[in-house]
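In: okay, predicted coordinates and the sequence, questions at the end:
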Amino acid sequence: MARLVVVSNRVSIPDRGTRAGGLEVAIKAALKHQDGLWFGWSGRVDGRGQPKIIEGNNLSYVTVDLSRDDHQEFYNGFANRVLWPIFHYRLDLAEFTRRDLGGYMRVNEYYAGHLERLLRPDDIIWVHDYHLIPLAKALRDRGHKNRIGFFLHIPCPPPEILTALPNHEQLVPALGAYDLVGFQTKVDAANFTRYLTEECGLARYSDDTFIFGERTVRVGAFPVGVETEAFARLARRSIESPFVREVLESLSGRAMVIGVDRLDYTKGLPQRMDAFERFLNNYSDWRGKVTYLQITPRSRTGIPEYADIGRLTGEAVSRINGTFGEASWTPLRYINKAHSRTALAGLYRAARAALVTPLRDGMNLVAKEYVAAQDPADPGVLVLSRFAGAAHECADALLVNPYDPEGVANAINRALSMPLEERVRRYARMFKVLSQNDLTHWAQRFAAALQEPSDGLSGRLRAAMSR
Ligand code: F6P
């Protein structure tokens, strides 16, 4: 069986106290029953050096360090101040410089240079996310003919937005060096195929396959899942843990509403807090009877826009607690400490409602894990942004527009007042969908599609083109 080589900027090295972002959780599960190699950044910025190799659980983890300039230009610069905002439809926040683009290309070449020494001709290579768009091209330029797939964890905007990316003509078509390009939703995949036809003028070989010079590239939607059944078991155990019991006791019988997000402007935190404020204003009966727990670990702290969103969110929290709080009741508990998956699973199960209201999100696994964690006999209610990829599979959540605080306030009231029978019905339908498309299924579907032999420019195609 061919070896699976996974490449992502973040690598979840065992025993390193995982940060467990969505991407790391997904890849860990994809590699669970597989011999393979996981290559990426070590997380260190002390200067480039030789790769470090750690062996564990059938896997080799190979990581390389970055220099300070690499980190600034590649990670803080082009990846997270240009690609991240633009792919999340936030053209207003993009800060493009040619220097950062140069750093981005340079780090992709650096990764390719180290990776090629590790590759065997029959390895299947699976590259993850926006940090590594040009990686396949860098490998092809070095003569590698392996099957290479790419999965974008974040949204893919339509060409009207993608074309605002300076130098998009060089960068986006580099995805044509992959054999398979996967997206979270059909909408993302359709946006990309529109880019290929309208901007690159590419011809279709079939419905989902495009002709790229001498090669073909297949485009598809592969919505990333969660470990639905395992997470449900974890939540059942965790709700009995001393930690979750202590949190529940501290609520003194009040209903808990939960939000869990990295501190990021795409998550719509100030808007969500405005909505909670309106809820307390408009549905005053709930005052003193509900506590909103928002867990928000800090993220990408070297980037100015992240400091801004931290300040705005903190201001909203103190305004709400100052206005509505009582000596005996704090309406909103805001915590920047990261919590373990186990702790979160228990908190999700204990929460009567979850607020997952990003302004734009590739998928959002918190939404799926919240559903997975519920007690089937007495489930809580998911309030979910229609702009999260998860909304495609979680149609039985209360879908909201995060830009409409009044509408979100109404949804919070509806969630907390929803009769048991309706909660059970909505939960059961979503749980079924999430069990069918769980993380293992996602990884298997992508890996199988990547290994499907493509004709390349087969005789049939050559004949068609020469006619
Ligand atoms: O795809 C976006 C993503 O990789 C998430 O999966 C993850 O939680 C987050 O970004 C982590 O970002 P960073 O690696 O910049 O900390």
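Out: Sure, I can see it.

In: flag every buried residue along the helix or strand A112 falls within.
Out: Using DSSP states H and E, A112 sits in helix 98-116. Across helix 98-116, burial judged by 16 or more other C-beta atoms under 10 Å covers 100-101, 103-105, 107-108, 110-112, 115. C-betas here are computed from N, CA, C, even on glycine.

In: write out the residues of the stretch 101-250 of the chain neighbouring the ligand.
Out: Taking C-beta under 6 Å from any ligand atom as the criterion, the neighbours of the ligand within the stretch 101-250 of the chain are 129, 153-154.

In: what comes into contact with the helix holding A112?
Out: Contact partners of helix 98-116, identified using C-beta atoms under 8 Å, 6 or more residues apart in numbering, comprise 5, 7, 39-40, 48, 51, 62, 64, 66, 69-70, 72-74, 77-79, 81-82, 132-135, 138-139, 142, 144, 166-167.

In: 6 Å instead, please
Out: The contact list for helix 98-116 (C-beta atoms under 6 Å, 6 or more residues apart in numbering) reads 39, 51, 64, 70, 73-74, 77-78, 134-135, 138-139, 142.

In: next: stretch 22-39.
Out: Outside stretch 22-39, the residues that reach it (C-beta under 6 Å, 6+ apart) are 3-7, 10-12, 58-62, 115, 153, 224, 365, 439, 443.

In: state the phi and psi torsions of the closest residue to P157 other than its chain neighbours.
Out: Distance criterion C-beta to C-beta, 6 or more residues apart in numbering; nearest residue to P157, sequence neighbours excluded, is Y89 at 5.4 Å. The phi and psi values for Y89, taken as degrees, to the nearest 10, are phi 70, psi 20.

In: isn't Y89 right up against L359?
Out: No. Taking contacts as C-beta atoms under 6 Å, Y89 lies outside contact range of L359: 7.9 Å.

In: show me where the stretch 201-350 of the chain has its helices.
Out: 228-238, 242-250, 269-282, 304-324, 341-350 (DSSP state H, counting those that start in this stretch).

In: quick check: residues of the stretch 251-400 of the chain near the ligand?
Out: 299-300, 362.

In: tell me which residue of the protein lies closest to the ligand.
Out: In the chain, the residue found nearest to the ligand is G21; the distance is 2.5 Å by C-beta to the nearest ligand atom.

In: any low-confidence regions in the stretch 1-150 of the chain?
Out: 15-20 (pLDDT under 70).

In: OK, contacts around L162?
Out: Contacts of L162 by C-beta under 6 Å, 6+ apart are 168, 195.

In: what does the one 4 residues further on give?
Out: By C-beta under 6 Å, 6+ apart, the contact list for P166 reads F96.

In: would you list the phi and psi of it?
Out: phi -60, psi 140.

In: and what of the one 3 residues further on?
Out: Recorded main-chain torsions at E169 are phi -60, psi -30, according to degrees, to the nearest 10.

In: what sits against D70?
Out: Contacts of D70 by C-beta under 6 Å, 6+ apart are V107.

In: between the helices of the stretch 201-350 of the chain, which one is nearest to V400?
Out: helix 269-282 (8.3 Å; C-beta to C-beta).

In: so D122 makes contact with A2?
Out: Yes. Assessed by C-beta under 6 Å, D122 is found in contact with A2 at 4.9 Å.

In: these two: who's more crowded?
Out: A2 (16 against 10; other C-beta atoms under 10 Å).

In: pretty sure the more buried one sits in a strand.
Out: No. Using DSSP: H, G, I helix; E, B strand; the rest coil, the assignment for A2 is coil, not a strand.

In: ok, it - contacts?
Out: 122, 124.

In: how far out from the middle of the chain is stretch 29-44?
Out: 17 Å (C-alpha atoms, centre = their mean, to the nearest Å).

In: packing partners of the following helix or strand past the helix holding A112?
Out: Sequence-wise, the next helix or strand downstream of helix 98-116 (DSSP H and E) is strand 124-128. Helices and strands touching strand 124-128, by 3 or more C-beta pairs under 6 Å, 6 or more residues apart in numbering; DSSP states H and E, are strand 4-10, strand 147-151.

In: what does strand 124-128 contact?
Out: Applying C-beta under 6 Å, 6+ apart, the external contacts of strand 124-128 come out as 2, 4-8, 135, 146-151.

In: same check on stretch 44-64?
Out: In contact with stretch 44-64 (C-beta under 6 Å, 6+ apart) are residues 11, 13-14, 31, 35-39, 42, 65-68, 71, 114.
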